[in-house]
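# Turn this into a model:
(one chain, ligands or ions: 1)
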Amino acid sequence: MSLTFYYSPMSTAMITDVVLEELDMPCERVVIDLKKNQTHTPQYLGLNPNGKVPLLVHDGTPIWESVAITLYLGEIFGVARGLYPVPGPERGAAMKWVAWANVTLAEAVGRWMRNTSEYYPAEQHNAKAAEAATADIHQCLRILDQALTGRDFLLEGFTLADAHVNSVIDWLRFMQVDLTPYSSLNAWSQRCAARPAYGRAMARAGAAVGA
Ligand SMILES: N[C@@H](CCC(=O)N[C@@H](CS)C(=O)NCC(=O)O)C(=O)O
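Numbering: from 1, shown residues only. Now for the predicted structure:
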């Protein structure tokens with residue numbers, strides 16, 4: 001079997017790296033330098049026409065989009081390891097949280113960033129839109145905090161659902177959003193970060209960016 005993972009440290013590709021570590025998957029890792037535009041070479045675009053990381057090539061088949069990659073890995077390699085539930089209601093619950101993290105929560109975070117962050121030109125910022133995005137983010141955080149109250153993980157034990165939701169929470173923390181009001185969420189996020197697989201992925205990324 002051949003598995004090649006194209007990624008950049010401290011990017012959207014981190015969630016896939018964490019999942020590969022959780023699965024203990026032997027794979028070739030190819031670091032892509034976004035500053036050098038390495039996702040826009042003809043060779044790379046031939047594998048991923050979006051010109052983005054992450055990209056996984058499994059036995060010659062390119063798979064892009066982190067949700068697709070991680071669910072694919074979960075289905076093939078994760079069920080036996082308990083990282084992804086067997087088909088049935090528990091799998092539905094896992095998919096629900098993965099979709100929620102990447103569609104509902106990430107959409108609100110992206111909207112908030114477009115209207116507040118220095119990564120986007122100030123003249124494109126809209127105060128009312130920023131206010132609405134902030135309210136939507138905190139509504140999501142309340143939902144998550146409530147779902148985690150009285151339990152260690154979103155499902156029975158750590159799964160892809162936790163890895164995905166926590167990767168968006170990491171993004172919010174990086175953007176210095178105050179998460180302290182959400183105590184169950186914070187305790188859970190610490191449990192996710194204490195996992196050896198998460199530690200290995202972050203240590204590798206940190207070493208690559210000199211953090
Ligand atoms: N929805 C995509 C987003 C991928 C994405 O935006 N990747 C960024 C890094 S965070 C990228 O590769 N940007 C390079 C570019 O646009 O040139 C996924 O989850 O895979």
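# Pull out the buried positions in the lengthiest helix in the chain.
Identified as the longest helix of the chain according to DSSP state H is helix 127-148. Residues of helix 127-148 classed as buried: 130, 133-134, 136-137, 140-141, 144-145, 147-148 (neighbour count, 16 or more other C-beta atoms under 10 Å). In short, each C-beta sits where N, CA and C put it, glycine included.
# From the ligand, how far out is residue 9?
Remark: distance between residue 9 and the ligand (C-beta to the nearest ligand atom, to the nearest Å) = 11 Å.
# What about that residue, how many residues nearby?
Close neighbours of residue 9, defined as other C-beta atoms under 10 Å, add up to 22.
# Now do the contacts for residue 77.
By C-beta atoms under 8 Å, 6 or more residues apart in numbering, the residues touching residue 77 are 23, 25.
# I'd like the distance from residue 121 to residue 203, if you could.
35 Å (C-beta to C-beta, to the nearest Å).
# wait, residue 163
Noted for residue 163: a distance of 17 Å to residue 203, by C-beta to C-beta.
# Equivalent analysis for residue 118, please.
Distance from residue 118 to residue 203, counting by C-beta to C-beta: 28 Å.
# Can you report how many residues lie near the residue nearest to residue 22 when sequence neighbours are not counted?
Once flanking residues are discounted, residue 22 sits nearest to residue 197: 4.2 Å by C-beta to C-beta, 6 or more residues apart in numbering. Other residues lying near residue 197 total 19 when counted by other C-beta under 10 Å.
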